[in-house]
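>>> 3D, please:
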Amino acid sequence: MTRRRTILACAAAGLTVIALTAQPAAARPAPTASVKLLALNDFHGNLEPPSGSSGRAINENGETVEAGGAAYVAAHLKRLRDRHTLTVAQGDLIGATPLISAAYHDEPSVQFLGDIGVTASAVGNHEFDEGYRELLRIQHGGCHPEDGCSPEGKWRGAKFDYLSANVLKKRGHWKRPLLKPWTIRHVNGVRVGFIGVVTKTTPSIVTAEGIKGLEFQDEVEAANRAARELKRRNVRAMVLLVHEGDQVNAGQRPDACGVVPGAGSRIAEQADPEIDVVLSGHTHQQYVCSVEDPKGQPRLFSSGSSFGRVITEVNLKVNRRTGDIVRSSLRGDNHVVTRDVPPDPKTERFVQTWKDRVADIANRPIGTITADITRAPSPSGETALGDLIADAQLAAMRDLGAQVALMNPGGVRTDLTYAASGAEGDGVVTYGEAFAVQPFNNVMGVVSLTGAQLDALLEQQWTDAGEKILQPSANLNFTIDRASPAGDRVSAITVDGTPIDPAATYKVAANNFLLGGGDGFTVFTEGTDQVLGPIDLDAFVAYFQAQGTLAPPPLNRISGQ
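Predicted coordinates:
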């Protein structure tokens with residue numbers, strides 16, 4: 001039979017006939033697999049809907065709406081998720097958390113995040129708030145070494161992998177990653193590699209003792225090393241989860257890209273070209289951008305606000321032949337976690353359980369206030385609440401020789417509001433509210449500094465990263481002049497009304513974050529004769545209980561502007 005008759009016979013038999021002029025296989029579009037990523041960053045244990053400005057977000061229409069809360073996060077995730085979805089995070093999921101989570105060392109928040117499907121997360125700087133050993137316990141399980149098991153029983157560990165490619169533990173002459181640097185997930189028949197890094201500035205913004213023996217490497221260097229390891233394992237689709245980011249223009253809508261290029265952009269632009277997506281955090285901003293990688297190819301770069309107010313959705317396609325992400329397929333979308341949808345019932349019950357467990361602690365009155373005591377700064381940068389905390393710290397450390405006290409402004413996390421205070425009436429301050437102001441559980445300490453060192457310390461309120469005005473106790477006064485050159489902006493320093501003597505020694509109280517050189521105040525590390533005292537929150541509570549009623553102190557400790 002001739003070839004023509006063969007083809008006709010096959011056609012007559014109802015069989016599929018492939019024309020001899022068909023396109024060669026290599027010319028056809030490669031088959032692809034659809035994948036969806038849903039991401040959270042900087043959740044900070046906000047199981048309950050956050051209040052005030054922390055519970056508001058700018059939506060796609062430029063409107064300010066109420067946002068956040070675990071039950072609403074769960075509801076929105078269910079709406080967005082499909083069967084080819086991976087849920088990830090970019091760090092600061094815990095630490096600096098509300099009492100409902102912090103009272104149990106953030107086990108409730110980590111349990112919630114595992115329950116909603118988070119599969120991998122970069123560590124954030126706040127994951128180190130209680131030290132790296134506590135982070136390892138959160139990852140791997142076991143009861144707290146001092147407080148024991150929570151009401152839930154023995155902690156089983158996180159259901160997701162914490163990733164920290166740039167955090168190394170020194171062991172003799174060797175260095176090993178503290179946690180997994182990367183992990184691989186299988187979805188829709190393809191493999192996706194996730195790399196995690198945390199801001200390399202972590203040593204300057206967490207308590208030094210908690211990270212002793214750790215090395216925080218450059219984020220790009222570590223990410224590139226992890227990318228090479230993934231490539232050796234034939235993984236070509238790569239996502240970088242980075243706890244670092246950029247600032248944005250005020251009032252920006254969630255999908256805009258009005259970033260002020262900074263540390264986040266540097267990482268997103270310089271990381272290995274094999275990395276296709278960079279999901280960021282740390283700065284609590286919202287943006288969806290496209291940047292060029294070192295080979296000039298577009299790469300998605302995004303961040304999703306904080307406190308569970310935004311979920312970042314990334315849709316992409318993976319080439320099934322090469323295993324790589326098709327860059328042209330990348331689509332990012334930030335979704336505001338609005339509260340106009342029915343909350344997830346299971347999560348509501350979960351949150352209520354922990355709320356009931358912590359209620360007795362949270363609702364205990366500790367004192368009263370006569371008016372709002374806030375973080376609103378004077379022209380010099382002084383705040384009423386910062387002053388009040390410094391006074392409380394000095395009172396707590398007097399018996400250990402303290403003469404003055406200084407408080408870092410970043411450690412004051414919320415205001416004390418007269419009308420909103422206390423379950424028992426206006427002006428009543430509860431333990432839960434005090435905790436919200438100072439949630440870090442820092443230890444108080446006293447060090448000896450010379451007058452010259454105290455002067456040098458106050459000059460460190462200005463760095464290349466910006467300004468951080470230390471809040472002084474009532475008996476410490478000084479004048480600032482921002483128009484003068486950096487390093488020569490502080491003058492007229494007095495203690496108890498007497499000008500300081502550069503050669504004399506002064507006992508200065510501060511929390512162990514500052515004493516370890518946090519926020520760039522490295523002069524504190526030059527102090528001698530260090531002694532430690534109570535937890536900063538305990539000092540704050542004791543001051544309230546001793547004073548009974550407190551009024552906003554006058555803002556007259558720092559002069560100038």
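>>> helix or strand with the lowest mean pLDDT in the protein?
None of the helices or strands of the chain scores lower by mean pLDDT, DSSP states H and E than helix 3-12, at a mean of 40.
>>> okay, residue 199 and residue 263: tell me how far apart.
7 Å (CB to CB, to the nearest Å). C-betas here are computed from N, CA, C, even on glycine.
>>> more neighbours: which of the two?
Counted by other CB atoms under 10 Å, residue 199 and residue 263 do not tie: residue 199 has more neighbours, with 26 against 19.
>>> the more buried one reaches residue 244, doesn't it?
Yes. In this structure, residue 199 is within contact of residue 244 by CB atoms under 8 Å, at 4.2 Å.
>>> overlap in contacts, residue 199 and residue 263.
Shared contacts of residue 199 and residue 263, defined by CB atoms under 8 Å, 6 or more residues apart in numbering, comprise residue 244.
>>> run the chain-centre distance for stretch 406-425.
Averaging C-alpha positions (CA atoms, centre = their mean, to the nearest Å) puts stretch 406-425 21 Å from its chain's average.
>>> and the closest residue to residue 261 other than its chain neighbours, how close does it get to residue 313?
Closest residue to residue 261 apart from its sequence neighbours, by CB to CB, 6 or more residues apart in numbering: residue 246 at 6.4 Å. From residue 246 across to residue 313, the span is 20 Å (CB to CB).
>>> again with residue 437
As judged by CB to CB, residue 437 and residue 313 stand 35 Å apart.
>>> neighbours around residue 120, how many?
Residue 120 has 24 neighbours, counted by other CB under 10 Å.
>>> so for the residue nearest to residue 261, what pLDDT did the model give?
For residue 246, the model assigns a pLDDT of 96.
>>> next: residue 25.
With respect to pLDDT, residue 25 scores 51.
>>> what's the answer for residue 465, then?
pLDDT, residue 465: 80.
>>> give me the number of residues near the closest residue to it other than its chain neighbours?
Nearest non-adjacent residue to residue 465, counting by CB to CB, 6+ apart: residue 520, 7.1 Å away. Residue 520: 17 surrounding residues under other CB under 10 Å.
>>> in the stretch 201-350 of the chain, which spans are strands?
Counting by DSSP state E, counting those that start in this stretch, the stretch 201-350 of the chain has strands at residues 214-216, 238-243, 247-248, 259-260, 275-280, 286-292, 298-304, 310-319, 331-336.
>>> just checking, what packs against the fourth one?
When you say that, I think you mean strand 259-260. strand 247-248 (3 or more CB pairs under 8 Å, 6 or more residues apart in numbering; DSSP states H and E).
>>> same check, this time on the last one
Contact here means 3+ CB pairs under 8 Å, 6+ apart; on that basis strand 331-336 packs against strand 286-292, strand 298-304, strand 310-319.
>>> ok, the longest one next?
Here strand 310-319 touches strand 32-40, helix 70-80, strand 275-280, strand 298-304, strand 331-336, going by 3+ CB pairs under 8 Å, 6+ apart.
>>> could you dump the ones you listed to CSV with mean neighbour count and mean pLDDT?
CSV is the format used below for the helices and strands packed on strand 310-319 (neighbours: other CB atoms under 10 Å; pLDDT from 0 to 100):
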stretch, mean neighbour count, mean pLDDT
strand 32-40, 22, 98
helix 70-80, 21, 98
strand 275-280, 27, 98
strand 298-304, 26, 98
strand 331-336, 20, 98
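>>> now for residue 199 and residue 244: what residues contact both?
Taking CB under 8 Å, 6+ apart as the contact rule, residue 199 and residue 244 both touch 219, 263, 282.
>>> isn't the second one up against residue 242?
No. Under the criterion of CB under 8 Å, residue 263 is not in contact with residue 242, lying 9.3 Å apart.
>>> now the terminal residues of stretch 53-65, how far apart.
Start to finish, the residues bounding stretch 53-65 are 10 Å apart (CA to CA, to the nearest Å).
>>> so residue 105 is in which element?
If you go by DSSP states H and E, residue 105 is not part of any helix or strand.
>>> so what's the residue count around the closest residue to it other than its chain neighbours?
Residue nearest to residue 105 in three dimensions, not counting chain neighbours: residue 144, with 5.4 Å by CB to CB, 6+ apart. Counted with other CB under 10 Å, the neighbours of residue 144 add up to 16.
>>> likewise for residue 189?
Residues lying near residue 189 (other CB under 10 Å) number 11.
>>> so what pLDDT did it get?
Listed pLDDT for residue 189 reads 97.
>>> that one contacts residue 320, correct?
Yes. If you go by CB under 8 Å, residue 189 and residue 320 touch, sitting 6.9 Å apart.
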